[in-house]
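Q: Generate a structure from the sequence data that follows.
(chains A and B)
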Protein chains: 2
Amino acid sequence: MRLQISRSTYERRIERIKGELQKRGLDALMVLDATNAFYVSGVPFLSTERPIGVVVPLEGELTVVIPKLEEDHIRDVMPWIKDMSVYFEYPSTKMFEKGPHPMEHIAEVLKGKGLAEKKIGYDRIAQRSGYKGPTWDKVLPKAEMVGAGDIISEMRQVKDTEEIALMKESARWGNLALTYLQEYVKPGLSEAEVSMRASYEATMAMTRALGPGYIPYRGRIGAGAGFRSQIGKDSAYPHAFMMNLTFKCGDVLGTGAGANVGGYQSELERTMIIGKPTEKQEKYFNLMIKAQDAALEMYKPGVRCCDVNMAALEVCRDAGCTDAIKHHTGHGIGLQGHEPPFLDAGVETVLKPGMAFSCEPGIYFPGFAGFRHSDTVVITEDGCDIITYYPRDIDSLTIPC
Amino acid sequence: MRLQISRSTYERRIERIKGELQKRGLDALMVLDATNAFYVSGVPFLSTERPIGVVVPLEGELTVVIPKLEEDHIRDVMPWIKDMSVYFEYPSTKMFEKGPHPMEHIAEVLKGKGLAEKKIGYDRIAQRSGYKGPTWDKVLPKAEMVGAGDIISEMRQVKDTEEIALMKESARWGNLALTYLQEYVKPGLSEAEVSMRASYEATMAMTRALGPGYIPYRGRIGAGAGFRSQIGKDSAYPHAFMMNLTFKCGDVLGTGAGANVGGYQSELERTMIIGKPTEKQEKYFNLMIKAQDAALEMYKPGVRCCDVNMAALEVCRDAGCTDAIKHHTGHGIGLQGHEPPFLDAGVETVLKPGMAFSCEPGIYFPGFAGFRHSDTVVITEDGCDIITYYPRDIDSLTIPC
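A: Residues are numbered from 1 along each chain as shown, chains lettered A, B, ... in the order given. Predicted structure coming up:
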């Protein structure tokens, strides 16, 4: 079993890009974003100061431009990449002397493909780890460079069956990691201990169950679960940072889990409570569930992102909890944990079958607690498929004290 | 014990920025890069589609612009941030209706500080998680916006005593994680098992030893060690991706370890061998050591980055191994794993006391093995301090078979 995108899917993606280039009168697409490069070519590039480039010409083979340290690896494990152009390093593309910048190397590749004076779309400029480089007009003064980041961005927003299968596989092992996490929480233990033990055991189970066909491709191997210090009154911080807090009875916990599979992700978050919930805890927990239910009703083709968002926010507002709303209802998910489109008041994008989102309205009360579940939801022909299936009700999420 | 940068250091950084603004005739610096924002303000922002902004005016208090979901958190844990400007979300800064873009919100903050028609330096444009936004000329048509990313970048290149202390703390626990890793490797075990067990135990020891004064601030809590599938013949890939390989006698291993402390990092990598090294393994292992030694001789004030790089590369070339060189000799390190300056043929930057680099020349032989140690080295007044101290010799790095 190979848990990865098939070659025919990569070929189909490239054909779709070519179709879009033709429509726009572009002669090539220059891909510089590492996630987009993976989407188009399957090359799982570890992004540092060194840029990757993938040239998709209107006609003919694609070319992958990589630094020397990836050459043997890609040649050995991805023999279907027929055209590689290798530069030595960043910022010098020569080994023993100051050579041209990688962007100049990329410009030479484009010139070599007869594109020096053509119209070329590009997705973005690399900006990792202190990267600096010349602009297009410096390295390709006679070409017409056109921002075309939307071509791949739009394609990535609608997942195909292979992508959804990888996300479901991810959800399965995130579910196991969260199960262990809930089992291991005990007053007096630290979050580092519980999260690392749960992540270790879920990863052991996952790697043994899936065998060598499983490769994460992006991010760490295996499954993980944790708290990010959303513990007790700190659960009121939607994005707390980890401080290694210790659990105690009465704590509300913000928990999360996921797994990297073939480059894809899922998102699963649950609010848990240590000990019998108080009336106040139960009230807000159930309000959060009601908001999530209201949003989930809206995950179907034809609905706008802003309306999904609003459905959840209105439930909180109508319960008199507007002040407790700290963020929108969700985000796209797939190759990245957060990706467009966003379920936000500013987004009129219409939901289509294959789109995948988190569903995670939250309410937060400073000094008391925060309440948020997050599920990963895929839009289907006539509604949606909630691919995370961990119990959501308060009884299932109450931890003995 | 608080393992973090002190408030007086943040104040000193801000004063230095103001001094630089004055020199350049700038009225403010607009910081949009999340790492730079942490460097200036201490706000440990979890970077997603939502931008952070820090305005450092030539005179007066700095302003931190953040999305709603960070507001309570920063107010509670960073009370010294006196001026916060909060927008609701990305892409809409209003909760219940389509509002201005966060960049327009940032422009309003600048206008509110009397900067609408002034000369403002900025470091970069946010580009995470599919972020899209208007350019400066759209949101601040009357201001003169000047690229000034080098102000903070140059400051970050020279570490002060607090930063170096955090990096040394990181090195200590990376050392423990790598010690466990080496102890736990056994033929027949998988890399996921060994790396997760070593990381778990090192993190438990680290968090218990350091107590609540330890906060990672950026990245995961604790210490970690692993292989990234640089195992056996796959050690010849400088940046392999993790596949959960199984160890066997005769394998050459590329191992690495580190820990996040107060926002800072260190880098420690060792080539290890399972079983008595063959003559060929020993020959290349010792050549790698010789190259690293040659580079280490050059880590002192006044030497250029390109010359440090060359010292290691020449050793490999002179041994007839030019084809085995796949990358430059090292990179800056601190808040980021890789940061400028780079030890590369293209870089004439001169080493100064306080600069911190990896030292990691490598040689790689496809189908056979790769050899690379990496140490973290801080430039001192009269030479350097190698803050990673794991043994480097082949006997210490041979694992029983």
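
Q: Secondary structure class of the closest residue to A:V308 other than its chain neighbours, three-state.
A: Closest residue in space to A:V308, ignoring its immediate chain neighbours: A:M298 at 4.3 Å, by CB to CB, 6 or more residues apart in numbering or on different chains. For every residue, glycine as well, the C-beta is placed using N, CA and C. Secondary structure, DSSP: H, G, I helix; E, B strand; the rest coil: A:M298 is coil.

Q: What separation is there between A:M298 and chain B?
A: 16 Å (CB to the nearest CB, to the nearest Å).

Q: Am I right that that residue is in contact with A:A311?
A: Yes: using CB atoms under 8 Å, A:M298 is in contact with A:A311, at 4.8 Å.

Q: ok, A:G302 to B:E97 distance?
A: According to CB to CB, to the nearest Å, A:G302 and B:E97 sit 21 Å apart.

Q: Then A:V146?
A: Separation of A:V146 from B:E97 (CB to CB) stands at 33 Å.

Q: and stretch A:351-369, which residues are buried?
A: Buried residues in stretch A:351-369, defined by neighbour count with 16 or more other CB atoms under 10 Å in any protein chain shown: A:351, A:354-366, A:369.

Q: Now the closest residue to chain B within the stretch 251-400 of chain A: closest residue in space that isn't a chain neighbour?
A: Nearest to chain B, among the residues of the stretch 251-400 of chain A, is A:G346, at 3.0 Å (CB to the nearest CB). Excluding the flanking residues, the one nearest A:G346 by CB to CB, 6+ apart is B:S92, at 3.0 Å.

Q: list the contacts for the one you found?
A: Applying CB atoms under 8 Å, 6 or more residues apart in numbering or on different chains, we find B:S92 in contact with A:H328, A:D344, A:A345, A:G346, A:V347, B:K98, B:G99, B:P100, B:H101.

Q: B:H338: which of these is nearest?
A: Of all those, B:H338 sits closest to B:H101, with 30.7 Å by CB to CB.

Q: what's near enough to touch the closest one?
A: By CB under 8 Å, 6+ apart, B:H101 lies in contact with A:G346, B:Y90, B:P91, B:S92, B:T93, B:G133, B:P134, B:V139.

Q: In CSV: these, plus distance to A:N36, pLDDT and secondary structure.
A: Formatted as CSV, those follow (distance: CB to CB, whole Å; pLDDT from 0 to 100; DSSP: H, G, I helix; E, B strand; the rest coil):
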residue, distance to A:N36, pLDDT, secondary structure
A:G346, 23, 86, coil
B:Y90, 20, 94, coil
B:P91, 20, 95, coil
B:S92, 25, 96, coil
B:T93, 27, 97, coil
B:G133, 18, 88, coil
B:P134, 22, 90, coil
B:V139, 26, 95, helix
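
Q: right, is stretch A:316-331 up against chain B?
A: Yes: contact between stretch A:316-331 and chain B, assessed by CB under 8 Å from any CB of the partner chain, occurs at A:R317, A:T322, A:I325, A:K326, A:H327, A:H328, A:H331.

Q: what's around the last one, how many residues?
A: The burial metric for A:H331, expressed as a neighbour count using other CB atoms under 10 Å in any protein chain shown, is 28.

Q: How about the residues of the stretch 51-200 of chain A by chain B?
A: A:67-73, A:76, A:89-92, A:94-99, A:101, A:124, A:127-130, A:132, A:149, A:153, A:190, A:192-193, A:196-197, A:199-200.

Q: Give me the subset of those residues lying in strands.
A: Those of those mapping onto strands are A:P67, per DSSP state E.

Q: coming back round to it: taking the contacts of B:S92, tell me the two that lie furthest apart.
A: Between all members of those, the farthest pair (by CB to CB) comes out as A:H328 and B:P100, at 15.2 Å.

Q: Who has more neighbours out of those two?
A: Set A:H328 next to B:P100 and count neighbours by other CB under 10 Å: A:H328 wins out with 32 against 18.

Q: ok, for the more buried one, nearest residue in space, not its chain neighbours?
A: Closest to A:H328 by CB to CB, 6+ apart is A:D344, at 4.2 Å.

Q: And the pLDDT for that neighbour?
A: For A:D344, the model assigns a pLDDT of 97.

Q: Let me know whether it touches B:F88 as I believe.
A: No: counting by CB under 8 Å, B:F88 is not a contact partner of A:D344; they are 9.1 Å apart.

Q: Which one's more surrounded, the two?
A: Neighbours per residue (other CB under 10 Å) separate A:D344 from B:F88, with A:D344 holding more: 28 against 23.

Q: residues touching the more buried one, list them.
A: Residues near A:D344 by CB under 8 Å, 6+ apart: A:C305, A:C306, A:N309, A:H328, A:T329, B:E89, B:Y90, B:P91, B:S92.

Q: just checking, A:T48 touches B:Q336?
A: No: A:T48 is beyond contact range of B:Q336, at 9.5 Å (criterion: CB under 8 Å).

Q: for chain B, what are the nearby residues on the stretch 301-401 of chain A?
A: So the stretch 301-401 of chain A meets chain B at A:306, A:310, A:313, A:317, A:322, A:325-328, A:331-332, A:336-340, A:342, A:344-347, A:364, A:366 (CB under 8 Å from any CB).

Q: redo that, cut-off 7 Å
A: Counting by CB under 7 Å from any CB of the partner chain, the stretch 301-401 of chain A comes close to chain B at A:313, A:325-328, A:331, A:336, A:338-340, A:342, A:344-347, A:366.
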